[in-house]
Structures are given as C-alpha cells and as structure tokens.
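Visitor: below are the sequence and a predicted model for it; my questions follow.
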Amino acid sequence: MVRAVIIAGFVGACGFLGIIKAGELKERTALLEDYRKMLIQLKSRINYFREPITTVLETEGKKGQSRAIMLLNETGAALKEKNAEIGRIWSQNADLIYKHTPLTADDMEIIRYPGNFLGQTDCDNQQAGFIYMEEKLAAQIDEAEKICRVKGPLYRRLGFFAGGLAAIILI
C-alpha cells in the first residue's frame, strides 16, 4: 500500500514538473506580448503628443501592473533621480525586472534595445526604431508560440512518462 502511494506520488511529481516547464513556455509568450503592447502604447504616445521621454515614461508608467509597465515606471523614476544615460538605465531596469523569467537571451536583447534610441533622437527616428522593434518582437513572439505549441505538450507527456518509467523500475 505504501509502495503504491510512493509510486503514484512519484508519477504525479514528475508529471507536475513537465506541466511547470510547459507553463514557462506560455509565460515567455505572455511576457513578450505584454512588452509589445507597452511598446505600441509608448510609440503612439510619443508620435501623437510629441512629449519628452521623461513625461511619457511618467504618464505611461502609471497605467498598469505588468512587468513592461514596471520597466517604464522604474526607468522614469530613475531618470528623475539620476542624471544618467537612458540606455544604461533602461538596460539595468530591464535586467532587474525580467531577472527570473523564462525569457531567452535574444528576448532580453530586444527588451533592452529601446534604451538605444528613446529620447536620443527626434520623433521620426524614434518611430523608425519602434518599427524595427515591432518587427523583431513579432518574430520572437512567433518563435515563442511555435515552441509552446510543439514543446509544451511534449514536456507534459515527458514528465508523466518519466514518472511512469520510474514507477516501473521501482516495481
């Protein structure tokens, strides 16, 4: 009886690990989608109002609770406090906010990229930077969705399979 409970627990635990790994793939896609939404809002605000980047970061940073909005909020606050370059501040805040997430190195490179052009050029050049960002981000989101569709079910099945295999070995 105890052995059956241990085996069932082991199968369940391995299956749960597979489910967690599949969930990380979904989380990556959700984080990238959220970031894209924030970029579109930021782009439209800069294009329509033609406000300085510090003003835009202040107002847009107060509109939500997601990681992307936190990035805007923290960058805006740091720009007020410090007299530093936005590229460095944006990059540091991106690294802190997205630290323990399932984003890849390529994803993080894209998230850090707006610091290279925001507030450093005129509105037209910033719009060109946003267009480039949207294209790169769309490609990353497509890749993340494809990986989630293919590997998500695989990870779930593999977890339960590994648990079942271990159960057979323990029997």
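Guide: Thanks, I have it.
Visitor: buried set for stretch 98-112?
Guide: 98, 102-103, 107-108, 110-112 (16 or more other C-beta atoms under 10 Å). Where C-beta positions appear, they are placed from N, C-alpha and C, glycine not excepted.
Visitor: for those, which one is nearest residue 30?
Guide: The shortest approach to residue 30 among these belongs to residue 102, at 9.9 Å (C-beta to C-beta).
Visitor: could you list the single helix or strand in this structure with the lowest mean pLDDT?
Guide: helix 53-60 (a mean of 68; mean pLDDT, DSSP states H and E).
Visitor: quick one: the very next helix or strand once past that helix to chain centroid distance?
Guide: Where DSSP states H and E defines the elements, the next helix or strand beyond helix 53-60 is helix 67-81. Averaging C-alpha positions (C-alpha atoms, centre = their mean, to the nearest Å) puts helix 67-81 16 Å from its chain's average.
Visitor: now helix 67-81: buried residues?
Guide: For helix 67-81, burial by neighbour count (16+ other C-beta under 10 Å) applies to 67-76, 78-79.
Visitor: with pLDDT and distance to residue 3 added, can I get these in JSON lines?
Guide: Formatted as JSON lines, those follow (pLDDT from 0 to 100; distance: C-beta to C-beta, whole Å):
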{"residue": "67", "pLDDT": "90", "distance to residue 3": "45"}
{"residue": "68", "pLDDT": "89", "distance to residue 3": "49"}
{"residue": "69", "pLDDT": "88", "distance to residue 3": "51"}
{"residue": "70", "pLDDT": "89", "distance to residue 3": "48"}
{"residue": "71", "pLDDT": "88", "distance to residue 3": "51"}
{"residue": "72", "pLDDT": "85", "distance to residue 3": "55"}
{"residue": "73", "pLDDT": "85", "distance to residue 3": "54"}
{"residue": "74", "pLDDT": "86", "distance to residue 3": "52"}
{"residue": "75", "pLDDT": "84", "distance to residue 3": "56"}
{"residue": "76", "pLDDT": "82", "distance to residue 3": "59"}
{"residue": "78", "pLDDT": "83", "distance to residue 3": "57"}
{"residue": "79", "pLDDT": "81", "distance to residue 3": "62"}
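Visitor: most widely separated two among those?
Guide: The widest separation within the buried residues of helix 67-81 (C-beta to C-beta) is 18.5 Å, between 67 and 79.
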